[in-house]
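Peer 1: Here is a sequence with its predicted model. Questions after.
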Amino acid sequence: MYYGRDDVEELSVQSGQYGSIRWLENVPNKLHFIQGLEDFYQKPFMDYTTTEQKEFSVIGISVRTSNQNGQSKKDISELWVKFMGGNLMEKIPDKASNDLFCIYTEYETDHTGPYTTILGCKVASLKNIPAGFIGKIIPAARYNRIISKGPLPGCVLNTWREVWESNIERAYGADFDVYGEKAQNPEHGEVETFVSVK
């Protein structure tokens, strides 16, 4: 018999986590099952849907960074300050919407190596890239779509920690966060994260 997430949560509630559990008598290989339960409660669980995204273009500002020694936290924070403080969204031409994209791409290896972060907007054309900005085409790809809810930016950072610790078969093409209308309230935000997968 297969026990899914909902089954495990319901059984745990009924049993007071896993104390005196009568239903356990019917579970084969009890030791492995208990160990699996403990792993379940200790490891992050990530809900996602898999989707295909068409090619799109962005214009924004960028930084080359790495997750080593807290470098990305410093570099990406400074990128946000520069973008928001300079009101740079208003300087991006041909915007497809006012959604803000934070894109992670040009991975040298995987999430442990250098990569480029772009902060900007989806655009209809790359013909008019302002000075100081870059334009990039994000190829069509397959993605795991994850929704982060809660205080910003903490809930998004937690999502990425879960991604790094997961066994998702990442493609390391272009990953991105989308800050749309539901991200306007920093205390109760909602952000979409798209992780490119094989």
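Peer 2: Alright, I've got the coordinates. Residues are numbered from 1 along each chain as shown.

Peer 1: Please count neighbours and contacts with C-alpha atoms only from this point.
Peer 2: Noted.

Peer 1: any idea where the strands of this structure begin and end?
Peer 2: Assigned by DSSP state E, the strands in the chain fall at 49-53, 56-65, 100-105, 115-123, 134-138, 141-150, 174-179, 189-196.

Peer 1: Leaving out sequence neighbours, find the closest residue to N128.
Peer 2: In space, and not counting its chain neighbours, N128 is closest to P93: 6.8 Å by Cα to Cα, 6 or more residues apart in numbering.

Peer 1: Report the contact partners of that neighbour.
Peer 2: Contact partners of P93, counting by Cα atoms under 8 Å, 6 or more residues apart in numbering, are 123, 128-129.

Peer 1: domains of this protein?
Peer 2: For the chain, the structural domains run 5-42, 49-196, going by automatic domain parsing.

Peer 1: Low-confidence regions, the protein specifically.
Peer 2: Flagging of the chain using pLDDT under 70 yields the residue ranges 1-46.

Peer 1: how about the lengthiest helix in the chain: buried residues?
Peer 2: Looking across the chain with DSSP state H, the single longest helix is helix 71-85. Across helix 71-85, burial judged by 16 or more other Cα atoms under 10 Å covers 72, 75-76, 79-80, 83.

Peer 1: How about stretch 128-144?
Peer 2: Going by neighbour count (16+ other Cα under 10 Å), the buried part of stretch 128-144 is 129, 133-135, 138, 141-144.

Peer 1: what does stretch 55-71 give?
Peer 2: In stretch 55-71, counting by 16+ other Cα under 10 Å, buried: 57-66.

Peer 1: and if you look at stretch 183-191?
Peer 2: Buried, per 16+ other Cα under 10 Å, within stretch 183-191: 183, 189-191.

Peer 1: can you put the buried residues of helix 71-85 in CSV and add distance to N98?
Peer 2: Converted to CSV, the buried residues of helix 71-85 look like this (distance: Cα to Cα, whole Å):
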residue, distance to N98
S72, 25
D75, 23
I76, 20
L79, 18
W80, 16
F83, 14
